[in-house]
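>>> With the sequence up front, the predicted model follows.
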Amino acid sequence: MKERVIADYNALLRGKTAFVTTAARGIGLSIARLFVRQGATVYFAGRNAGHVQRAQAALQRDNPACRGYVCDLADAGQSEATALEALADSGGFDILVGTVGVNCHCTVEDYADADMARLLETNYLSGLRFARRFMPSLRARKGSVVFVSSIHSALTQPTNMLYAGTKGAMNAAARAMALDFAKDGVRVNTVCPGLILSDVMRDLMDGMETQAEKEAFLRHCDRCQPLPAGCMEDIANAALYFASDMSAYVTGQTLMVDGGTSVKAHDFWMETEG
């Protein structure tokens, strides 16, 4: 019988090397910071050079070996080049975290082919490109792949067809990958965030004209799920679980980190004046 490895809960990723597909800010950066604090060396990509430089400096304060790359994940050539460069620089990876997600609101009647191609490449194919390049080292190291998907992959709202479709595709691909590489000791799992007060959400709120508009938005957010809106660290914690030996017997799973949204029925009430 196989002897179970007991995780060191003080340094869950000691000696591990991880790649986070986008960690210049937001959820990806929260994941990268937590991984570094848990002992990992983190390589990452980001589209904005300034954000990449600042994130790299922040991570290097704890681990000077961390490194960032400027890469637009909507561009297949850039993703391929970055994957190869990171492999050469690192010598291989124990962990791959796919974090990117962009949206374009439309219905099937009015979507543009260019938008479809951009979301497919960014949200879905970019993660598979990195997995394809990194899989030999992940197999050799019995590594872990964690995809950060979305609650929209399982339940969604109007005009999210493209986003929901690409995130749903990633969930399905992760399940198949888990079967393909279980024999090699590689685990593949997916985290689905719900409403998270991320940098993107804060950017949205900063663009609101009045404080009253912001407060109304936050009240709406509070009604979306039983628990209060989540923070970026909530997703980082879930990613750490899947990346570490805490989940050594877990693969092919989709974890909803959504404050209970996915188990909540619609509110059946009407607002009345007076």
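Perfect, thanks for sending it.
>>> For stretch 257-264, measure first residue to last.
13 Å (CA to CA, to the nearest Å).
>>> Identify each buried residue in that stretch, please.
Under the neighbour-count criterion of 16 or more other CB atoms under 10 Å, stretch 257-264 has 257-259, 261 buried. For the C-beta atoms, the positions are set from N, CA and C on the backbone; glycine is no exception.
>>> Could you report the neighbour count for the residue lying closest to residue 150 once chain neighbours are set aside?
Leaving aside its chain neighbours, residue 150 sits nearest to residue 167 (4.4 Å; criterion: CB to CB, 6 or more residues apart in numbering). Counted by other CB atoms under 10 Å, the residues lying close to residue 167 total 26.
>>> quick one: which helix or strand includes residue 167?
Taking DSSP states H and E as the criterion, residue 167 maps to helix 161-181.
>>> on contacts alone, who are the packing partners of that helix?
helix 113-119, helix 126-140, strand 144-148, strand 187-193, strand 254-257 (3 or more CB pairs under 8 Å, 6 or more residues apart in numbering; DSSP states H and E).
>>> Pull the distance from the third one to the chain's centre.
Okay, so that is strand 144-148. Centre-to-centre, strand 144-148 and its host chain are 8 Å apart (CA atoms, centre = their mean, to the nearest Å).
>>> Pull up the pairing partners for that strand, direction included.
Here strand 144-148 is paired, per DSSP bridges, with strand 95-98 (parallel), strand 187-193 (parallel).
>>> Kindly present those as JSON lines, with separate columns for mean neighbour count, mean pLDDT and distance to residue 251.
As requested, the strands paired with strand 144-148 are arranged in JSON lines below (neighbours: other CB atoms under 10 Å; pLDDT from 0 to 100; distance: least, CB to CB, whole Å):
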{"stretch": "strand 95-98", "mean neighbour count": "27", "mean pLDDT": "98", "distance to residue 251": "14"}
{"stretch": "strand 187-193", "mean neighbour count": "25", "mean pLDDT": "97", "distance to residue 251": "4"}
